[in-house]
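Trainee: Here is my input; please provide its structure:
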Amino acid sequence: MADNGEVEFPILCETCLGENPYVRMTREPRGQECKICTRAFTVFRWLPGRGMRYKKTEICPTCAKLKNVCQTCILDLEYGLPVQVRDAMLGQQDTVPVQASNRRDYVAKLENSVNAGLIDFSGKAQPAARQQLRHMARSEPYYKRNRAHVCSFFVKGQCNRGNECPYRHEMPDSDSELARQNISDRYHGSNDPVARRMLDRTAKRTDRLAPPTDKSITSLFATNLPENITQKDLHQHFAAFGELKSVIMVPKNSCAFINFKSRAGAETAAQAAQDTGCIVNGSPLKLTWGKSKPKGPASELAQKSKNTAAVPPPGSQTSSDLYPSQDPTAQGSSVK
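Mentor: Just a heads-up that it's a prediction; the model follows:
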């Protein structure tokens with residue numbers, strides 16, 4: 001890295017860089033001021049792919065290293081999550097001053113330490129918090145984020161360029177909250193609507209794994225099963241929390257029922273999934289509690305019919321009568 005904000009290559013995430021391995025960039029030394037510390041820095045501009053919009057760096061590399069974020073989307077480089085989500089999970093606090101004058105001096109003071117790699121942002125994070133972040137992160141780049149902006153003339157019904165228009169011809173999302181986010185709030189991890197939605201989903205998942213009041217429920221329901229997971233994999237993963245009664249997979253619906261012998265084992269597994277996520281063979285699974293068995297006349301009638309079908313009537317032939325025994329020592333059998 002050169003002095004005065006001149007760098008050879010920007011700090012970017014895989015999504016912003018694009019899927020084209022031969023992407024070409026324009027480089028403008030001291031092209032604009034950083035949106036965080038207001039210091040001039042080298043601006044890079046590139047096209048991440050066909051049909052995408054041109055992207056450029058928004059913050060300087062020093063500010064990006066202070067938060068370990070991408071210079072363009074301001075998302076965490078390791079997990080691809082908003083700063084507010086990452087800090088909430090890791091228990092970190094924003095130490096970068098919000099006021100412009102103090103922020104500029106703070107960044108300049110720590111620039112040498114940041115460039116020397118002496119600052120480790122999340123080195124003291126708990127393993128459970130890291131596991132939870134890996135569970136929330138995307139497994140692959142989200143290139144859809146690089147799409148062109150919506151054509152404002154099309155929204156007004158005045159665009160006459162047709163297929164030659166470089167912008168998207170579709171109506172914008174009615175949710176105006178996402179349109180009001182800004183780079184400063186995203187960087188400091190405050191008032192970020194995307195992060196707020198993700199944290200709300202996590203809170204709902206926590207409520208979903210709360211133990212039910214019915215103590216007879218000892219089963220968990222796992223969904224989002226990939227094709228490479230087997231019944232043996234599920235048994236090995238959940239057997240660590242308690243003795244299992246059975247593991248029933250339904251490959252057609254990509255789900256499984258994990259039945260524990262005790263309520264304590266099911267609660268331990270649910271608590272572990274709530275803290276660190278349910279990850280089996282590197283694949284995150286969605287876990288919920290099973291439902292209680294139905295009670296009432298209908299269930300009793302179904303149980304009676306099941307018992308009646310299980311007992312054969314007197315004088316009827318059983319399976320052993322229809323199919324002779326395969327035991328070589330049985331009478332009438334012969335071994336060649």
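
Trainee: Please count neighbours and contacts with C-alpha atoms only from this point.
Mentor: Will do.

Trainee: any idea where the helices of the stretch 1-150 of the chain begin and end?
Mentor: For the stretch 1-150 of the chain, the helices defined by DSSP state H, counting those that start in this stretch cover 14-17, 61-67, 83-90, 100-115, 127-136.

Trainee: looking at this protein, which helix or strand does the model trust least?
Mentor: Least confident helix or strand of the chain, by mean pLDDT, DSSP states H and E, is helix 319-322 with a mean of 39.

Trainee: hmm, back to that, for C159, find the nearest of the helices of the stretch 1-150 of the chain.
Mentor: helix 14-17 (28.3 Å; Cα to Cα).

Trainee: how does this structure divide up, domain by domain?
Mentor: 1-208, 209-289 (automatic domain parsing).

Trainee: what's the least confident stretch among those?
Mentor: Mean pLDDT values for the domains of the chain show the minimum at domain 1-208, a mean of 82.

Trainee: so how far is that domain off the chain centroid?
Mentor: 17 Å (Cα atoms, centre = their mean, to the nearest Å).

Trainee: Could I get the domains of the chain in CSV, plus columns for mean neighbour count?
Mentor: Listed next are the domains of the chain as CSV, based on neighbours: other Cα atoms under 10 Å:
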stretch, mean neighbour count
domain 1-208, 16
domain 209-289, 17
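
Trainee: how close does the residue nearest to the spatial centre of the chain sit to N224?
Mentor: Central residue of the chain (Cα atoms, centre = their mean): M136, 2.9 Å from the mean position. Using Cα to Cα, to the nearest Å, M136 is found at 14 Å from N224.

Trainee: and the gap between the residue nearest to G18 when sequence neighbours are not counted and K55?
Mentor: Spatially, and ignoring its direct neighbours in sequence, G18 is nearest to P48 (4.2 Å; Cα to Cα, 6 or more residues apart in numbering). P48 is 7 Å from K55, where distance means Cα to Cα.

Trainee: any shared contact partners between these two?
Mentor: C16 (Cα atoms under 8 Å, 6 or more residues apart in numbering).

Trainee: sorry, back to before: make TSV from the helices of the stretch 1-150 of the chain and add distance to I279 to it.
Mentor: Below are these laid out as TSV (distance: least, Cα to Cα, whole Å):
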stretch	distance to I279
helix 14-17	23
helix 61-67	27
helix 83-90	17
helix 100-115	34
helix 127-136	7
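
Trainee: of the ones you listed, which approaches R24 most closely?
Mentor: helix 14-17 (10.2 Å).

Trainee: got the contact list for that closest one?
Mentor: For helix 14-17, contacts defined as Cα under 8 Å, 6+ apart pick out V23, P48, K55, T72, C73, P141, Y142, Y143, R145, N146.

Trainee: returning to what we had before: out of the helices of the stretch 1-150 of the chain, which gets nearest to T202?
Mentor: helix 127-136 (8.6 Å).

Trainee: and the angle for the closest one with helix 83-90?
Mentor: Helix 127-136 and helix 83-90 meet at an angle of 140 degrees, taking axes from the mean of the first three to the mean of the last three Cα atoms, to 10 degrees as the criterion.

Trainee: Please name the nearest non-neighbouring residue to M52.
Mentor: Spatially, and ignoring its direct neighbours in sequence, M52 is nearest to R147 (4.6 Å; Cα to Cα, 6+ apart).

Trainee: looking at this, Q271 is in a helix?
Mentor: Yes: counting by DSSP: H, G, I helix; E, B strand; the rest coil, Q271 is part of a helix.

Trainee: ok, now how distant is it from V194?
Mentor: Taken as Cα to Cα, the span from Q271 to V194 is 26 Å.

Trainee: next one: E28
Mentor: 31 Å.

Trainee: Which parts of the stretch 1-150 of the chain are strands?
Mentor: For the stretch 1-150 of the chain, the strands defined by DSSP state E, counting those that start in this stretch cover 25-33, 40-46, 55-56.

Trainee: For C165, find the nearest of those.
Mentor: Going by Cα to Cα, the one of the strands of the stretch 1-150 of the chain nearest C165 is strand 55-56, 17.9 Å.

Trainee: Next, the residues that contact the closest one from outside, please.
Mentor: Residues contacting strand 55-56 (Cα under 8 Å, 6+ apart): C16, V43, F44, R45, W46, L47, P48, T72.

Trainee: Can you list the strands that it pairs with?
Mentor: Within its sheet, strand 55-56 is paired with strand 40-46 (antiparallel), according to DSSP bridges.

Trainee: okay, the strand it pairs with in CSV with CA atoms only?
Mentor: What follows is strand 40-46, C-alpha atoms only, in CSV (Å, rounded to 0.1, in the frame of the first residue of the first chain):
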residue,chain,number,x,y,z
ALA,A,40,-9.3,11.9,-0.1
PHE,A,41,-8.6,8.4,-1.3
THR,A,42,-8.1,6.4,-4.5
VAL,A,43,-11.4,5.6,-6.2
PHE,A,44,-11.8,2.4,-8.3
ARG,A,45,-14.7,2.0,-10.7
TRP,A,46,-15.6,-1.3,-12.6
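
Trainee: Many thanks, have a good one.
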